[in-house]
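A.B. asks: got a predicted structure plus its sequence, pasted below:
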Amino acid sequence: MKETALLFAIHRLSTDDGPGLRNTFFLKGCALRCTWCHNPESISPQPEIWWTERKCIGARDCIAACPEEALTLTAQGLSIDRERCTGCGKCVDPCPSKAIELIGRPWTVEQLLREALAERLFFKNSGGGVTLSGGEPCLQPGFVSAFFRACQAEGIHTALDTCGFPPWKNFEQVLPHTDLVLYDIKEMNSERHQRFTGVPNEPILENLLRIRDFRTPLGRYPALWIRTPLIPGYTATAGNVTSIGRFLAENLGDRLERWELCAFNNLCGAKYAKLGSKWPLENQPLLDPDLGASLLEQARQALGRPEAVQITGLV
Ligand code: SF4
Ligand code: SF4
């Protein structure tokens, strides 16, 4: 069990990523660049630091501790030269006000399994388990496969939350130990997909069809949930939802257990600020509830199985 992965967050006993109560572990690294990404700290596969302006008291201990001379204090606050920063984390502990945090710490399979086992009773009583999310967990297939295998050996349900873009060989490694796949279909028009996420959608659709047909060595199909983010001005259009629904009806049939439409939320602007950037959707209004209800209806009609379609996050 020597595999390690960089984790940037753990959500314990969450109900967001699969059935029942789950521990969701977030791995760093993603090949996509979604304009609406809620986890900008997940994109880089390397450890990095973020700085919280309101916590900083200007003590300068971080500057003295940095071996790369990557930090300077300016009138606007701490400036981080991210070209120089190696993510070594030596500036974190000296900061007396905890204004600097290291994002991304290595975990072994064994350590993560211990975390999961601590909640085992909750998982069992609620029909839950563990979910690996990110970033894109399937960029580290060796770790995911070893962790899921260890969980299944302990009777813990495993779910993979994926954007679908990694090479098929990565999925082949992971799927034999995966009970549920949470699979993103964000936009059916490939040119728009490329514009919104930085990559075309053809490889994602091709991988989905292969997952549909994949059986574990014991002959089981992993359960399949599709998730579609509803982002106003981007993916939250009747045309997109209808095209996805028709594609799913035509290609997945009963292999699809559930299709979740996930309403946009705008709670992550502060994360971009801590990383020294600005979120392009900072002033984007939330999804209008009437539009959300109408998209749900259109999705249900297009899929032809209304009971399988849910909307989450609508306020
Ligand atoms: S796939 Fe997910 S983690 Fe990756 S950029 Fe898009 S929203 Fe962010
Ligand atoms: S993480 Fe390391 S290299 Fe980066 S600013 Fe802190 S001390 Fe310097």
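C.D. replies: Received, thanks. Numbers count the residues shown, from 1 in each chain. Ligands and ions are numbered 1, 2, ... in the order given.
A.B. asks: was I right to think Asp81 contacts Thr74?
C.D. replies: No: taking contacts as Cβ atoms under 8 Å, Asp81 lies outside contact range of Thr74: 11.6 Å. Every C-beta, even on glycine, is put in place using the N, C-alpha and C of the backbone.
A.B. asks: could you check which of these two has the larger neighbour count?
C.D. replies: Each of Asp81 and Thr74 has its neighbours counted (other Cβ atoms under 10 Å); Asp81 has more, 13 against 7.
A.B. asks: give me the pLDDT value at that one.
C.D. replies: The model reports Asp81 with a pLDDT of 96.
A.B. asks: likewise the one 10 residues further on?
C.D. replies: With respect to pLDDT, Cys91 has a value of 98.
A.B. asks: repeat for Glu68
C.D. replies: 97.
A.B. asks: the helix or strand of the chain with the lowest mean pLDDT - contacts with which helices or strands?
C.D. replies: Here the helix or strand of the chain ranked lowest by mean pLDDT, DSSP states H and E is helix 269-274, holding a mean of 92. Secondary-structure packing of helix 269-274 (3 or more Cβ pairs under 8 Å, 6 or more residues apart in numbering; DSSP states H and E): strand 48-51.
A.B. asks: by contact count, what packs against the helix or strand that the strand it packs on is followed by?
C.D. replies: Next helix or strand after strand 48-51 toward the C-terminus (DSSP states H and E): helix 61-65. Counting contacts by 3+ Cβ pairs under 8 Å, 6+ apart, helix 61-65 packs against strand 71-74.
A.B. asks: and the protein, which of its residues are near ligand 2?
C.D. replies: 49, 65-66, 68, 70-71, 80, 85-91 (Cβ under 6 Å from any ligand atom).
A.B. asks: do that again at 5 Å, thanks
C.D. replies: Listed as neighbours of ligand 2 in the chain under the rule Cβ under 5 Å from any ligand atom: 49, 66, 68, 70, 85-86, 88, 90-91.
A.B. asks: assign Arg192 to helix, strand or coil.
C.D. replies: Three-state secondary structure (criterion: DSSP: H, G, I helix; E, B strand; the rest coil) places Arg192 in helix.
A.B. asks: tell me who's in contact with it.
C.D. replies: By Cβ atoms under 8 Å, 6 or more residues apart in numbering, Arg192 lies in contact with Asn240.
A.B. asks: give the contact list for the residue nearest the centre of the chain.
C.D. replies: What sits nearest the mean C-alpha location of the chain, by Cα atoms, centre = their mean, is Gly134, with 3.5 Å. Taking Cβ under 8 Å, 6+ apart, we find Gly134 in contact with 26-30, 39, 42, 161.
A.B. asks: ligand 2: which of the residues you listed is nearest?
C.D. replies: Lys28 (14.6 Å; Cβ to the nearest ligand atom).
A.B. asks: quick one on the thing from earlier: buried stuff in the least confident helix or strand of the chain?
C.D. replies: If you call a residue buried by 16 or more other Cβ atoms under 10 Å, then helix 269-274 has these buried ones: 271-274.
A.B. asks: neighbours around the closest residue to ligand 1 within the stretch 101-250 of the chain, how many?
C.D. replies: The nearest approach of the stretch 101-250 of the chain to ligand 1 comes at Cys163, 3.7 Å away (Cβ to the nearest ligand atom). Neighbourhood size, Cys163 [other Cβ under 10 Å]: 24.
A.B. asks: who does the nearest residue in space to it that is not next to it in sequence bridge with?
C.D. replies: Distances taken as Cβ to Cβ, 6 or more residues apart in numbering place Asp184 nearest to Cys163, at 4.9 Å, with adjacent residues excluded. Under the criterion DSSP bridges, Asp184 forms beta bridges with Arg227.
A.B. asks: Asp184 and Thr86, how far apart?
C.D. replies: 31 Å (Cβ to Cβ, to the nearest Å).
A.B. asks: wait, Ala65 sits on Pro96?
C.D. replies: No: if you go by Cβ under 8 Å, Ala65 and Pro96 don't touch, sitting 11.8 Å apart.
A.B. asks: which of the two has more neighbours?
C.D. replies: Ala65 (17 against 10).
A.B. asks: where's that one relative to Ile49, distance?
C.D. replies: 12 Å.
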